[in-house]
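Chemist: Pasted the sequence and its predicted model underneath.
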Amino acid sequence: MDQIECTKIALTVNEKKMIIFVHNYIKEKMKMSEEQAKQINDLRKEVSKATGVDEATIARIVAEFNKTGNVTSSEQGHRPSKDFQVEYMNAVHELILSANRNGLPLSLRDIVFELSELGFVISKAQLARDENPNEEV
């Protein structure tokens, strides 16, 4: 069988459920119990081969399912909406203008903290990229 190219994408709830079904099916076929740790790695490898999903992802999905009894949609891979981007950049510019008016020093760390107070969760690196899109950070 040809190797499936692995790409980093967010899995939907249905894709995660499919992985759980394949995991349970292969587990039944292997007739293994939860205590057989060596076979768990073999199980992950088999599920990975069958689904084309990396073993570490299989482990995370199964752990989530074992812990909660359910799977949820991944947040990774979803870009913020244009409205969020505009509101976020307006908040950044307002913070900078306010600091300049009051003669206060302002660092990326300060801006990130103030943004989190306003409900915008963003990293310093992302803020730097957004403020200087043509420069390498």
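Modeler: Structure received. None of the values given here were measured: they were computed from a predicted structure. Numbering: from 1, shown residues only.
Chemist: drop to CA atoms for contacts and neighbour counts, all remaining ones
Modeler: Noted.
Chemist: which helices and strands does the lowest-mean-pLDDT helix or strand in the chain pack with?
Modeler: Lowest by mean pLDDT, DSSP states H and E among the helices and strands of the chain is helix 37-51, with a mean of 75. Under the contact definition 3 or more C-alpha pairs under 8 Å, 6 or more residues apart in numbering; DSSP states H and E, helix 37-51 sits against helix 13-30, helix 55-68.
Chemist: which other residues reach the first one?
Modeler: It stands for helix 13-30. Residues from elsewhere that reach helix 13-30 (C-alpha atoms under 8 Å, 6 or more residues apart in numbering): 43-44, 46-47, 50-51, 58, 61-62, 65, 71-74.
Chemist: Generate a PyMOL selection restricted to the buried entries among those.
Modeler: Buried subset of those, written as a PyMOL selection, criterion 16 or more other C-alpha atoms under 10 Å:
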select buried, resi 43+44+46+47+51+58+61+62+65+71
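Chemist: would you list the contacts of helix 13-30 in JSON lines and tack on distance to Ile122?
Modeler: Listed next are these as JSON lines, based on distance: C-alpha to C-alpha, whole Å:
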{"residue": "Leu43", "distance to Ile122": "38"}
{"residue": "Arg44", "distance to Ile122": "34"}
{"residue": "Glu46", "distance to Ile122": "38"}
{"residue": "Val47", "distance to Ile122": "35"}
{"residue": "Ala50", "distance to Ile122": "37"}
{"residue": "Thr51", "distance to Ile122": "33"}
{"residue": "Ile58", "distance to Ile122": "28"}
{"residue": "Ile61", "distance to Ile122": "26"}
{"residue": "Val62", "distance to Ile122": "29"}
{"residue": "Phe65", "distance to Ile122": "28"}
{"residue": "Val71", "distance to Ile122": "25"}
{"residue": "Thr72", "distance to Ile122": "22"}
{"residue": "Ser73", "distance to Ile122": "20"}
{"residue": "Ser74", "distance to Ile122": "18"}
